[in-house]
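A.B. asks: how does the following fold in three dimensions:
(chains A and B)
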Amino acid sequence: MGYNVDEELKKVQKKEYDVLIIGAGGAGLRAAIAAAEAGVNVGIVTKSLLGKAHTVMAEGGAAAALGNVDSRDNWKVHFRDTMKGGKYHNNWKMVEIFAKQAPDRIRELELYGAVFDRTEEGKIKQRNFGGHKFPRLAHVGDRTGLEMIRTLQDKAIHYPTLHVEMETTITKLFVENGEVKGAFGYNRQTGNLIVYSAKSVIIATGGFGKVFRVTSNSWELTGDGESLAYREGVELTDMEFIQFHPTGMVYPNSVKGTLVTEGVRGEGGILKNINGERFMFRYIPEMFKDDYAETEEEAERWFKGDPNARRPPELLTRDVVAKAIRAEVKAGRGSPHGGAFLDIASRRTPEEIKRVLPSMYHQFLKLAKLDITKEPMEVGPTAHYAMGGIRVDGETQETNIKGIFAAGEVSAGLHGANRLGGNSLTDLIVFGKIAGDYAAKRAKDASLKSISDEEIKEAIDFTLKPFDDSNNEDPYQLHAELKELMEEYVGIVRTEEGLKTAIEKLKDMLKRADKLKAVGDTRKYNSSWHQALDIKNMITVALIIATAALQRKESRGAHTREDFPETDESLTNVLYVISKGDDGFPKVSEATYPPMPEELKQAMKEAEEA
Amino acid sequence: MSVEEKKIDVYSGAVLDRKKKIRIQRGSPETGIEMVEYDVEYDHTEVVLDIVHRVQAEFAPDLAVRWNCKAGKCGSCSAEINGMPKLMCMTKMIDYDDVDVLEIRPMRTFPVIKDLVTDVSWNFEVNKRIKPFKPPEGLKELTMQQKHVDRVQEYRKCIECFLCQNTCHVLRTHQKTNEFAGPRFMIRLASLEMHPMDTEENRLKEIKDDFGVMMCNITRCCTEVCPEEINITDNGIIPLKERVIGEFYDPLAKAISWVKKLL
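C.D. replies: Numbering: from 1, shown residues only, chains lettered A, B, ... in the order given. Now for the predicted structure:
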């Protein structure tokens, strides 16, 4: 179709906001509410319609030490569980803020209109989940994410200074002298190009599961925020830590990877191999030995409510359970479609299952023609969550570029080497609010900076490049190749040789990505154009993941190296920070967090004894 | 077929064991609208959305379709499949084994933007007009019994796919978008009106006057197409109508409700 940059420059729309938020999932919406409350002018852009973000798919719940179900719970235990689950690689400052503020953020949601499931006393009910010592997840059946996003959406739309721009994709950030001044994007419905001037920009774009073939993620999770930031000099970290959720659907093929909530195990579900063996007892790591039942008998006592019994090993952290299932399959003890059996049918009555796991019941009945109240499900690991992402200041969520903030899955630090289930939804509202607060604070002191025609022309050219008539790469084909490559070399278990191969191939793919071709005679809702831009981001992120994974010569949490199977204690506090090198490819440097203060060490100790 | 002969789709890993004619509505009001036919191979376990994606990958990369989660949770991929309003991600191809041609059209009630994508912005405008939840002042935490929130939770299962809006004949046939908010927003209004802790006054009056609850004549088409199986009409709209009648048209019922409130 071709394009003329000078002509486009004349037509480009110009908008101004104090705070521009990219992404309208839980973190973006909570940030928008905070910034609007602070009285500044807020724009929030989303690639999708409002309320469709990936947050909607979160099922099990949002973790907060409310102590409604077990009064022994408090922030210190939540702090310890999160650090331990993250294999002590977390940004302890963020974990402290998180554990302390989580209960207020959750209760506040009910004041916005959310309606969680209730305890007998009428308080917010909490359920058990992997790695959490006490029942801690506020939930609504197995559709907690929907409750959260709808609540935030319905709250946000009533602020007069908050503007939602739906189906708009950001393709570039404008940065000058280490400070942000705006962003560039296009509206999907019209194909029109837009320049945004902004004093603060919050990136809340989520993760990048779509670089893998088997993933629980929706189409949106293409690493936009990570690549936008990286291209302008923002630092990323912990990119090697990608959580493979142990229980994705493995059959039928069409829905391979679709999430099966950890809530199934939280509600009593157990894992078995083809021989009917409850295999998780064989996979309890040394560091968790004291917290988990050694025998089926003890696990059963816990299930029946004995407070002195320890938790069943199905509730180990996700990294552990995912690797255990993979090992069972490798050993030839997998289920017919290459997974493990997840059995809730023999554990709870059909009525209970339908009440506490309604959407799982529905999902299996509709898509797999399987009744989970009668038969076990078949499940296996699926790429689920990025622990790593944009490196932020633990207290403000600001990045190394002034005025750029990040919150939610796109940011790094809270979850360390492995995220606990239920901590993600709470992450969104705790750090979404903080990012919104500080972005608004900055916007009150800063002024809008001009964006030159030259800068805009560069952004136009970048955005419309897929319409260059000389391009010849098919975006759908390149995406297929990317996913295969990532599954093979950068998946759940990695080796030096595989990662090096991946890096070489990804560098080549990145070059090919410059030649991605959009077809059709209009920019209006042109999927090939959207796909071409998304894939460039995905390849950029994939290369960063592989680079970081090659650097980390140990196995820790979600990062497993076949050639370095042990955890190296000297690397606990070592971060691999990725930024864009002079050659255009990722470069790695090392950083560490400051040592944990005595009072937090004391809190951990108290929690151990709780 | 032996394993070697199986045709595998590189994009999804699907085993392509069947073939069907798929007609998809293409185009926009500016360019003209037409049905375009594609011969598509597919895996019998796939859903309709997989087939639309295969059309994009193999025949029409610029085909416009809205989708997000592909798991029935976000409500983005609403369309009319052989005339029935459905989510494409939750509609199995195997259910159409007996038909020769599969026709996929966008939702008819909303203006077409392009191909299968419609302009649903009217719904977001209606939602803005609904006053937000208003908790009692000064409370930091809400205490509510499960039995009092059961029905509110049923309404809150809505994934905003707008299939009910698309099907409601008040909107679809009579285009009464100024007078009637449609089933989706009746359910949203019901979730507020029946929330045990909501203190916003005048909701019922607005439900009657601004959102037009009495326009619904209970054909239950909305309930029939709801992918979340919310009992929209019987559990949502009818109780709202009863409340409106009690409040505005039945003096005895109103007196009883006043006495109840005092108690």
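A.B. asks: pretty sure A:Ala513 sits against A:Lys536.
C.D. replies: Yes. Counting by Cβ atoms under 8 Å, A:Lys536 is a contact partner of A:Ala513 at 4.5 Å. Just so you know, the C-beta spots here come from the backbone N, C-alpha and C atoms, and that holds for glycine as well.
A.B. asks: neighbour count: these two, which is higher?
C.D. replies: A:Lys536 (27 against 23; other Cβ atoms under 10 Å in any protein chain shown).
A.B. asks: where's the more buried one relative to A:Leu370, distance?
C.D. replies: 39 Å (Cβ to Cβ, to the nearest Å).
A.B. asks: repeat that for B:Asp9.
C.D. replies: From B:Asp9 to A:Leu370 the distance is 23 Å (Cβ to Cβ).
A.B. asks: and what of A:Thr237?
C.D. replies: Distance of A:Thr237 to A:Leu370, given as Cβ to Cβ: 41 Å.
A.B. asks: cool, A:Pro313 as well?
C.D. replies: Relative to A:Leu370, and taking Cβ to Cβ, A:Pro313 is found at 25 Å.
A.B. asks: the two: which has the busier surroundings?
C.D. replies: Taking neighbours as other Cβ under 10 Å, A:Pro313 and A:Leu370 compare with A:Pro313 leading, 28 against 18.
A.B. asks: OK, contacts around that one?
C.D. replies: Taking Cβ atoms under 8 Å, 6 or more residues apart in numbering or on different chains as the criterion, A:Pro313 is in contact with A:Met280, A:Phe281, A:Tyr283, A:Ile284, A:Tyr292, A:Ala293, A:Ala299.
A.B. asks: pick the one among those closest to B:Cys221.
C.D. replies: A:Met280 (47.8 Å; Cβ to Cβ).
A.B. asks: contacts for whichever strand or helix holds A:His78?
C.D. replies: In the assignment (DSSP states H and E), A:His78 maps to helix A:75-85. For helix A:75-85, the surrounding residues in contact (Cβ under 8 Å, 6+ apart) are A:63-65, A:90, A:92, A:95-96, A:98-100, A:102-103, A:131-134, A:136, A:287-288, A:317, A:414-416, A:418-420, A:423, A:600, A:603-604, A:606-608, A:610.
A.B. asks: in helices, which of those fall?
C.D. replies: A:92, A:95-96, A:98-100, A:102-103, A:423, A:600, A:603-604, A:606-608 (DSSP state H).
A.B. asks: buried ones among those residues?
C.D. replies: Listed as buried from those are A:92, A:95-96, A:98-100, A:102-103, A:423, A:600, A:603-604, A:607; burial here means 16 or more other Cβ atoms under 10 Å in any protein chain shown.
A.B. asks: and of the residues you listed, the nearest to B:Leu116?
C.D. replies: A:Asn423 (36.8 Å).
A.B. asks: tell me, how many neighbours does the residue lying closest to the closest one once chain neighbours are set aside end up with?
C.D. replies: Leaving out its chain neighbours, the residue that sits closest to A:Asn423 by Cβ to Cβ, 6 or more residues apart in numbering or on different chains is A:Ala63, at 5.2 Å. A:Ala63: 30 surrounding residues under other Cβ under 10 Å.
A.B. asks: and A:Ala63, how far is that from A:Asp73?
C.D. replies: Distance check for A:Ala63 against A:Asp73: by Cβ to Cβ, it reads 10 Å.
A.B. asks: and the two most separated of the ones in helices among the contacts of helix A:75-85?
C.D. replies: Farthest-apart pair in those is A:Pro103 and A:Glu608; separation 21.1 Å (Cβ to Cβ).
A.B. asks: stretch A:362-374: end-to-end distance?
C.D. replies: In stretch A:362-374, first residue to last residue: 13 Å (Cα to Cα, to the nearest Å).
A.B. asks: report the buried residues of it.
C.D. replies: A:His362, A:Gln363, A:Phe364, A:Lys366, A:Leu367, A:Ala368, A:Leu370, A:Ile372, A:Thr373.
A.B. asks: my guess is the second one is in a helix, correct?
C.D. replies: Which is A:Gln363. Yes. Counting by DSSP: H, G, I helix; E, B strand; the rest coil, A:Gln363 is located in a helix.
A.B. asks: right, and it touches B:Gly72 too?
C.D. replies: Yes. The pair A:Gln363 / B:Gly72 is scored as a contact, 6.6 Å apart, by Cβ under 8 Å.
A.B. asks: contacts only, for the residue in the stretch 1-150 of chain A positioned nearest to chain B.
C.D. replies: Nearest residue of the stretch 1-150 of chain A to chain B, counting by Cβ to the nearest Cβ: A:Gly113, 3.4 Å away. When contacts are counted by Cβ under 8 Å, 6+ apart, A:Gly113 touches A:Thr151, A:Asp154, A:Lys155, B:Pro132, B:Phe133, B:Leu192, B:His195.
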